[in-house]
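Student: mind looking at a prediction? Sequence and model below.
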Amino acid sequence: MRTVPTPESTRLTPRQRQILDWIRGYIDARGMPPTRAEIAAGLGFSTASSAEDHLQALARKGAVELIPGASRGLRVKDIAGEPRQGTLPLIGRVAAGQPILAHEHVEAHYRVDPDLFAPRADYLLRVRGMSMRDAGILDGDLLAVHRATEARNGQIVVARVADDVTVKRFRRTRTTIELLPENPDFQPIVVPFGDVDFELEGIAVGLVRNNMMS
């Protein structure tokens, strides 16, 4: 006799939801499912076989369909009672000269609905350092960022200056762009207007404490 799954048997654990959301984020960003090795690398599993074990568990709960014989043989399904929320990529260290959303910079995808922010968030950036301490932005926090090439005076922005990506308060004068810290231990960054080494990457639209995502 065939066993019919109960709601309890199909309910995902928090870890399984995280894995499923990472897979969904990968598919949304690249248009194809990840391989087992890519899942292992993206989620910190020791081996690709560990990723396979998690996929088998998700398949038993009806969250994914596994297609034999294909390295990307994976299809995500929706489970009744498991509403899907949006995800945002988490950006870690940014290599010089590369787009901020390049694949190499994405550490993970988090279940954070982009539409919770106004304007809509495009990614989370891991904050490094304490230069924005007095604005309540601390080392290790996750800053929700809306991609933009323009900002108003007083907005907190993500900017690229030469080879560095920094979070500062934006101020434009007649001749310069000033990136102002919110900590007296740090100095402002002053860039001549039109300097090719400056690029605005986005504006801050929210903040997620890192310990809220653990």
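Tutor: Now that the structure is in, tell me what you want to look at. Numbering: from 1, shown residues only.

Student: hey, which helix or strand in this protein has the poorest pLDDT?
Tutor: Using mean pLDDT, DSSP states H and E, helix 7-10 stands out as the lowest-scoring helix or strand of the chain, at a mean of 48.

Student: ok, the closest residue to Val127 other than its chain neighbours - how many residues close by?
Tutor: Among residues not flanking Val127 along the chain, Asp141 sits closest, at 4.6 Å (C-beta to C-beta, 6 or more residues apart in numbering). C-beta here means a position set from N, CA and C on the backbone, and glycine is covered the same way. Number of residues near Asp141 (other C-beta atoms under 10 Å) recorded here: 20.

Student: list the residues that contact Asp141.
Tutor: Applying C-beta atoms under 8 Å, 6 or more residues apart in numbering to Asp141 gives the contacts Arg126, Val127, Leu207, Val208, Arg209, Asn210.

Student: out of these, which is nearest to Glu107?
Tutor: In terms of C-beta to C-beta, no member of those lies closer to Glu107 than Arg126, at 7.3 Å.

Student: return the residues in contact with the closest residue in space to the closest one that isn't next to it in sequence.
Tutor: Excluding its sequence neighbours, the residue lying closest to Arg126 (C-beta to C-beta, 6+ apart) is Gly92, at 5.4 Å. For Gly92, the contact set (C-beta under 8 Å, 6+ apart) comprises His105, Val106, Glu107, Arg126.

Student: format those residues as CSV; extra columns: pLDDT and neighbour count.
Tutor: Formatted as CSV, the contacts of Gly92 follow (pLDDT from 0 to 100; neighbours: other C-beta atoms under 10 Å):
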residue, pLDDT, neighbour count
His105, 81, 19
Val106, 81, 19
Glu107, 82, 15
Arg126, 92, 15
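
Student: now do the strands in the protein.
Tutor: 64-66, 74-76, 88-91, 106-110, 123-126, 142-147, 156-161, 164-172, 176-180, 189-192, 198-208 (DSSP state E).

Student: using a markdown table, lay out those strands together with distance to Ser46.
Tutor: Below are the strands of the chain laid out as a markdown table (distance: least, C-beta to C-beta, whole Å):
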| stretch | distance to Ser46 |
| --- | --- |
| strand 64-66 | 21 |
| strand 74-76 | 20 |
| strand 88-91 | 21 |
| strand 106-110 | 16 |
| strand 123-126 | 23 |
| strand 142-147 | 25 |
| strand 156-161 | 33 |
| strand 164-172 | 30 |
| strand 176-180 | 41 |
| strand 189-192 | 41 |
| strand 198-208 | 28 |
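
Student: which of the ones you listed has the lowest mean pLDDT?
Tutor: Of all the strands of the chain, mean pLDDT reaches its minimum on strand 106-110 (a mean of 80).

Student: tell me which strands that one pairs with, and in which orientation.
Tutor: strand 88-91 (antiparallel) (DSSP bridges).

Student: returning to that earlier point: show the buried residues in the contacts of Asp141.
Tutor: Neighbour counting by 16 or more other C-beta atoms under 10 Å classes Val127, Leu207, Val208 among these as buried.
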